[in-house]
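# structure for the following, please:
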Amino acid sequence: MANPWAGEVALVMDGQRHILKLTLGALAELEVALQADSLLALVERFEGGRFSSRDVLLLLVAGLRGGGWKGQASDLAQADIAGGPMGAARVAAELLARAFALPGDGDGQL
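Take a look at the predicted model:
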């Protein structure tokens with residue numbers, strides 16, 4: 001079970017449940033992959049609904065790796081994700097929100 005207080009989110013991929021977490025290493029990898037000026041800019045894109053499918057894919061990959069997954073972005077791109085593209089975007093947004101939520105900050109969702 002995912003622990004929201006630890007910043008964890010669950011994703012069902014190819015029928016298997018995975019735990020995602022944005023560790024410091026995963027966040028650094030994400031910044032490089034997205035060539036982002038800052039993670040705040042990425043948060044603002046999600047909050048404003050201006051994110052791309054590439055943002056979602058790379059955010060999920062970073063979270064999966066933070067949760068111990070050893071796959072590649074190409075593996076995720078070919079996977080069947082529960083909820084389809086909208087489910088993937090919801091999990092990505094939730095992951096990002098939980099990574100930056102403070103204790104007592106509501107439920108950590110955007």
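
# quick check, Ala79 in contact with Asp14.
Yes - taking contacts as CB atoms under 8 Å, Ala79 lies within contact range of Asp14: 5.1 Å. Using the backbone N, CA and C atoms, a C-beta is placed for each residue, glycine as well.

# so for those two, which sits in the more crowded spot?
The neighbour comparison of Ala79 against Asp14 (other CB atoms under 10 Å) goes to Ala79, with 17 against 12.

# list the contacts for the residue nearest to the more buried one when sequence neighbours are not counted?
In space, and not counting its chain neighbours, Ala79 is closest to Met13: 4.6 Å by CB to CB, 6 or more residues apart in numbering. Met13 is in contact with 76, 79-82, counting by CB atoms under 8 Å, 6 or more residues apart in numbering.

# drop anything exposed from these.
Neighbour-count burial (16 or more other CB atoms under 10 Å) applied to the contacts of Met13 gives 76, 79, 81.

# how about Gln16, phi and psi?
Per-residue torsions, Gln16: phi -110, psi 130 (degrees, to the nearest 10).

# whichever helix or strand Ala89 is part of packs against which elements?
For Ala89, the host element (DSSP states H and E) is helix 84-100. Other elements packing on helix 84-100 under the criterion 3 or more CB pairs under 8 Å, 6 or more residues apart in numbering; DSSP states H and E are strand 9-13, helix 39-47, helix 53-66.

# which one, of these, ends up nearest to Glu29?
Closest approach to Glu29 among the helices and strands packed on helix 84-100 is made by helix 53-66 (5.4 Å; CB to CB).

# okay, buried residues for that closest one please.
Result for helix 53-66 [16+ other CB under 10 Å]: buried residues 55-66.

# so the worst-scoring helix or strand of the chain on mean pLDDT versus helix 84-100, what angle?
Sorting the helices and strands of the chain by mean pLDDT, DSSP states H and E puts helix 39-47 at the bottom, at a mean of 78. Counting by axes from the mean of the first three to the mean of the last three CA atoms, to 10 degrees, helix 39-47 lies at 140 degrees to helix 84-100.

# which stretches of the protein have low pLDDT?
The model of the chain has pLDDT under 70 over residues 102-110.
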